[in-house]
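Participant: build me a model from this:
(one chain, ligands or ions: 2)
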Amino acid sequence: MLRVNELVKTFGGFKAVDGAHLHVAPGEVVAVIGPNGAGKTTLFHLITGQLVPDRGEILFKGKNIAGLPPHKVCRRGIARSYQVVNVFDRLTVLENVQIAVLARQSKTWNLFQTASRMCLEDTIRILQNVGLADKADRICANLSHGDRKVLEIAITLGSKPELIIMDEPTAGMSPEETAATLKLMQRLCRQMGLTLLFCEHDMEMVFSIADRIMVMQQGRTIIQDIPERVRADKRVREAYLGGADTCSA
Ligand code: ADP
Ligand code: MG
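Facilitator: Residues are numbered from 1 along each chain as shown. Ligands and ions are numbered 1, 2, ... in the order given. Below you'll find the model as predicted:
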């Protein structure tokens, strides 16, 4: 589904991404890990079109999308979940997800239907999938922090992405919320046939939910493999995980 080859991005002579490579198969959950400053966020920005690479290829379903603007990348089926998702506080849970579904289906709006009924089926299905159906009528300002995070995922799903990219989706969450959110993402990927590429600092979660892990250091890909082999890799231990204790977390 996604193949990144020899990607390079420099900022004033500094190589933030320096020949990184990555591949993601349909239905896979792939994590990118690496120390602060390794180039993870830059890599994601390059894939989603926020940044233009100096060199390299980004193939999505076989087509090179390197350098396309974000809205075009989004149309091709890549959704980026921002750390801050736009939730409209005064609208209900249902309305917030409905807006996302409508935004994607803008071309097929039926002018003879009242707005409140548009895309209702799709919207309700998403709410059921994420477990928010019983809170569909709640005003968002009154949601708990955890439910709000789940709503943000539901809004992302509203654009019917094939590939979801999340940069530290659990930043600022408690360990319990982190575990719940990542488990939910993993379940959604299985249920809805989604593909997920994410970056996350909770190693325990990464190793428990990722099908494959790519380790980045100084803009380069050290290894991309199944968790067991990444955990056992000597270079990874030396470069990042800092020894057997952290690795076995
Ligand atoms: P990570 O997400 O792995 O922590 P980043 O991709 O955010 O790493 O950053 C990689 C390196 O590139 C860092 O040294 C960072 O300071 C630098 N960098 C990122 N964005 C910019 C930018 N817009 N201008 C200059 N340097 C940047
Ligand atoms: Mg980052």
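
Participant: identify the residue nearest Cys189 in space, chain neighbours excluded?
Facilitator: Nearest residue to Cys189 in three dimensions, chain neighbours excluded: Leu196, at 5.1 Å (Cβ to Cβ, 6 or more residues apart in numbering). Heads up, the C-betas are built off the backbone N, CA and C, glycines and all.

Participant: surely that neighbour is in a strand?
Facilitator: Yes: the assignment for Leu196, made by DSSP: H, G, I helix; E, B strand; the rest coil, places it in a strand.

Participant: how is the protein carved up into domains?
Facilitator: Domains of the chain are assigned by automatic domain parsing as 2-77+161-247, 89-147.

Participant: mind listing what's buried in the top helix by length along the chain?
Facilitator: Determined from DSSP state H, the single longest helix within the chain is helix 175-192. Neighbour counts over helix 175-192 (16 or more other Cβ atoms under 10 Å) mark Glu177, Thr178, Ala179, Ala180, Thr181, Leu182, Leu184, Met185, Gln186, Leu188, Cys189 as buried.

Participant: just stretch 18-37 next, same as before
Facilitator: Asp18, Ala20, Leu22, Val24, Glu28, Val29, Val30, Ala31, Val32, Ile33, Gly34, Pro35.

Participant: near ligand 1, which of those show up?
Facilitator: Here is what survives when the buried residues of stretch 18-37 are matched to ligand 1 using Cβ under 6 Å from any ligand atom: Gly34.

Participant: make a markdown table out of the buried residues of helix 175-192 and add pLDDT.
Facilitator: Below are the buried residues of helix 175-192 laid out as a markdown table (pLDDT from 0 to 100):
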| residue | pLDDT |
| --- | --- |
| Glu177 | 83 |
| Thr178 | 84 |
| Ala179 | 85 |
| Ala180 | 86 |
| Thr181 | 85 |
| Leu182 | 84 |
| Leu184 | 88 |
| Met185 | 86 |
| Gln186 | 86 |
| Leu188 | 87 |
| Cys189 | 85 |
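
Participant: near ligand 2, which residues of the chain?
Facilitator: Neighbours of ligand 2 within the chain, by Cβ under 5 Å from the ion: Lys40, Thr41.

Participant: so where do the strands sit in the chain?
Facilitator: 2-11, 14-24, 29-33, 55-60, 63-64, 78-81, 163-167, 195-199, 212-217, 220-225 (DSSP state E).

Participant: hmm, back to that, and the buried residues of stretch 18-37, which is closest to ligand 1?
Facilitator: Gly34 (5.6 Å; Cβ to the nearest ligand atom).

Participant: in terms of mean pLDDT, which of the domains of the chain ranks lowest?
Facilitator: Sorting the domains of the chain by mean pLDDT places domain 89-147 lowest, at a mean of 85.
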